[in-house]
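Asks: The following comprises the amino acid sequence and a computationally predicted model.
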Amino acid sequence: MSLVDPRVAAARSISAVTTGKSLERALSAYRDHPDRGLIFELCYGVVRHWFSLSKQLDSRLKTPLRKKDYDLYCLILVGSYQLQNSAIADHAAVNLTVEAARHLGKDWACGLVNAILRRPRESVDQSDETRFEAPSWLIRSIQRHYPDSAENILRVNNTRAPMTLRVNRNRQTAESLAQILLNEGIPTIPGSLTNALSLVTPQAVNTIPGYSEGWFTVQDEASQRAAHLLEPQPTTRVLDACAAPGIKALQLLETCADIKLTAIDIDPTRGSYGTDESLRLGLPFELRVGDATRRDWWDGELFDSILIDAPCTGTGTLRRKPDIKVHRTLEDVVVLQRKQQDLLTNLWHMLASGGTLLYSTCSILPDENDSVIHNFLDQTTDAAAVPIDADWGHATLFGRQCLPIERGPDGFFYSRIAKLP
Ligand SMILES: C[S@@+](CC[C@H](N)C(=O)[O-])C[C@H]1O[C@@H](n2cnc3c(N)ncnc32)[C@H](O)[C@@H]1O
């Protein structure tokens, strides 16, 4: 079978993203492609710069392309991205993109692609959307909630996130792994958490020494704080209510293997990662399918602690998932907020008196964070937020918020709630 041209692969993946597929899923078909690195770079680059590149292309097309030629539209964006935002030489970028139009089976479009890509760059439209590469609802929301740091947040969102490892403390220390990696020419930077280590230059995870041996897991440092805040104790009953793919659940087991963990998720398609990781890390882990806004999966025994890593807009992780900027709408925030509220209300009944519930999101929007907790506390007499004393992020009324930091952790929110006896 002949290999798909990398630019064609990128154009098709981006086209799939514009019809609602996540970038990660769209790219899964090309994980083993020999030009994987280039395909991923082109896709992430175009989606990261979607707002300016598509606006510019729309203004260059005399008549819009037909719906069935949307792959071609995305291919021209791939060409523009190479010219404007990558280190690929201009002549190679143009020639290979024109050639890719042929591979798409659209020889008739080679002249058009060539003409658009060779056209001198005009001064770009300077709307906020194109300047910040984000939808206006999100820009306005960030500006409203973070008037002093909005520009910085929006700028950082278009940078590349670091690749951070959670060192498996049962098999390695961060210091020893750092030394092993350095010996292999992979320098790292220690994080502020004991087991966090960031790579100076990200690389495919299975090429990092110790991967097969289960010495580490890729997990952003902000996300790693979950287990530190929940502090699971031996023999206690712990619920991870929104557990797929299982990163935090496995972290909880890694932190304390003796917990009685129940991990559920509503999505039956997201379990395979956890199963593979459970084998790699040597941790017994079973992810059950269940809807945490209902009780039909529950055996009736109360939990000592509950983690709700709630479904959210993911606005703290736009560097890793730039497709969120293309997919999410303001309406989604309202829908998600309702869901977050339902999760809290339902799961609270399953928490033992004196127990702790940790609510987390990878969102920087207070509507999904403090507002949700505020509403919940207003309606729940036996619940109290426990302040999180920490040297990261900033305190909010009911929890702690961190914003994405350049070359640092993602944006995340945590709130710890105690069930009063
Ligand atoms: C932020 S992700 C969780 C990530 C996971 N905690 C980890 O660290 O790997 C949110 C998860 O919530 C799940 N979810 C959404 N609604 C749910 C519900 N009603 N019940 C259980 N899980 C739900 C989604 O399928 C998604 O996997």
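Replies: Noted; the coordinates are in hand.

Asks: which ones are touching the closest residue to Leu154 other than its chain neighbours?
Replies: Sequence neighbours aside, Phe132 is the residue nearest to Leu154 in space, at 4.1 Å (criterion: Cβ to Cβ, 6 or more residues apart in numbering). Yep, even glycine has a C-beta here, placed from its N, CA and C like the rest. Contacts for Phe132 (Cβ atoms under 8 Å, 6 or more residues apart in numbering) come out as Phe51, Ile139, Leu154, Arg155, Asn157, Asn158.

Asks: Next: Phe412.
Replies: Contacts of Phe412 (Cβ under 8 Å, 6+ apart): Ala222, Ser223, Arg225, Gly316, Ser360, Thr361, Cys362, Gly393, Gln401, Cys402.

Asks: List phi and psi for Arg237.
Replies: phi -90, psi 120 (degrees, to the nearest 10).

Asks: sorry, back to before: just flag the most distant two among the contacts of Phe412.
Replies: Ser223 and Gln401 (14.1 Å; Cβ to Cβ).

Asks: So for those two, which sits in the more crowded spot?
Replies: Gln401 (24 against 21; other Cβ atoms under 10 Å).

Asks: Which secondary structure state is assigned to Ile405?
Replies: coil (DSSP: H, G, I helix; E, B strand; the rest coil).

Asks: these two touch, right, it and Val156?
Replies: Yes - counting by Cβ atoms under 8 Å, Ile405 touches Val156, with 6.9 Å between them.

Asks: The contacts of Phe132 in helices, which ones?
Replies: Phe51, Ile139, Leu154, Arg155 (DSSP state H).

Asks: Tell me the one of those nearest the ligand?
Replies: For those, the residue nearest the ligand by Cβ to the nearest ligand atom is Leu154; the value is 22.5 Å.

Asks: burial measure for the residue nearest to Ala243 when sequence neighbours are not counted, as a count.
Replies: Nearest residue to Ala243, sequence neighbours excluded (Cβ to Cβ, 6+ apart): Ala263, at 3.8 Å. With neighbours defined by other Cβ under 10 Å, the count for Ala263 comes to 25.

Asks: beta partners of Ala263?
Replies: Asp240, Leu287 (DSSP bridges).

Asks: show me what contacts it?
Replies: Leu239, Asp240, Ala243, Gly246, Ala249, Gly274, Phe285, Glu286, Leu287, Arg288.

Asks: Now restrict these to buried residues only.
Replies: Taking 16 or more other Cβ atoms under 10 Å as the criterion, what is buried in the contacts of Ala263 is Leu239, Asp240, Ala243, Gly246, Ala249, Gly274, Phe285, Leu287.

Asks: which SS state does the third one fall under?
Replies: Look at Ala243: counting by three-state DSSP, its state is coil.

Asks: shouldn't it be in contact with Asp265?
Replies: Yes - counting by Cβ under 8 Å, Asp265 is a contact partner of Ala243 at 4.9 Å.

Asks: Can you pull up the residues of this structure that come close to the ligand?
Replies: Listed as neighbours of the ligand in the chain under the rule Cβ under 6 Å from any ligand atom: 241-248, 264-267, 270, 291-293, 309, 311.

Asks: now with 5 Å?
Replies: Proximity of the chain to the ligand (Cβ under 5 Å from any ligand atom) is limited to residues 242, 244-245, 247-248, 265-267, 291-293, 309, 311.

Asks: Now render the residues you listed as CSV, adding neighbour count, pLDDT and secondary structure.
Replies: What follows is those, written out as CSV (neighbours: other Cβ atoms under 10 Å; pLDDT from 0 to 100; DSSP: H, G, I helix; E, B strand; the rest coil):
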residue, neighbour count, pLDDT, secondary structure
Cys242, 23, 98, coil
Ala244, 22, 95, coil
Pro245, 18, 94, coil
Ile247, 20, 96, helix
Lys248, 23, 97, helix
Asp265, 25, 97, strand
Ile266, 15, 97, coil
Asp267, 12, 95, coil
Asp291, 15, 98, coil
Ala292, 26, 98, coil
Thr293, 16, 98, coil
Asp309, 23, 98, strand
Pro311, 19, 98, coil
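
Asks: Return the closest of those residues with respect to Phe40.
Replies: Pro245 (19.0 Å).

Asks: So what's the gap between the helix or strand bottoming out on mean pLDDT in the chain and the chain middle?
Replies: Within the chain, no helix or strand scores below helix 272-281, which has a mean of 90 by mean pLDDT, DSSP states H and E. In terms of Cα atoms, centre = their mean, to the nearest Å, the centre of helix 272-281 is found 19 Å from the chain centre.

Asks: what does stretch 346-354 give?
Replies: On the basis of Cα atoms, centre = their mean, stretch 346-354 sits 29 Å off its chain's mean C-alpha point.

Asks: same thing with stretch 296-316?
Replies: For stretch 296-316, the distance to the chain centre is 19 Å (Cα atoms, centre = their mean).

Asks: Tabulate the CA atom coordinates of that stretch in CSV.
Replies: Extracted in CSV, the C-alpha atoms of stretch 296-316 (Å, rounded to 0.1, in the frame of the first residue of the first chain):
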residue,chain,number,x,y,z
ASP,A,296,-27.2,2.6,39.1
TRP,A,297,-23.5,1.6,39.0
TRP,A,298,-23.0,2.2,42.8
ASP,A,299,-23.0,-0.6,45.4
GLY,A,300,-24.3,1.7,48.1
GLU,A,301,-21.0,1.8,50.2
LEU,A,302,-19.9,5.3,50.9
PHE,A,303,-16.5,6.6,49.7
ASP,A,304,-13.9,8.2,51.9
SER,A,305,-12.7,10.4,49.0
ILE,A,306,-14.0,11.3,45.6
LEU,A,307,-12.2,12.9,42.7
ILE,A,308,-14.4,14.7,40.1
ASP,A,309,-12.0,15.6,37.2
ALA,A,310,-15.0,17.1,35.5
PRO,A,311,-15.7,17.4,31.8
CYS,A,312,-14.9,21.0,30.9
THR,A,313,-14.0,23.4,28.1
GLY,A,314,-10.3,22.5,28.4
THR,A,315,-9.4,26.2,28.1
GLY,A,316,-6.4,25.7,30.3
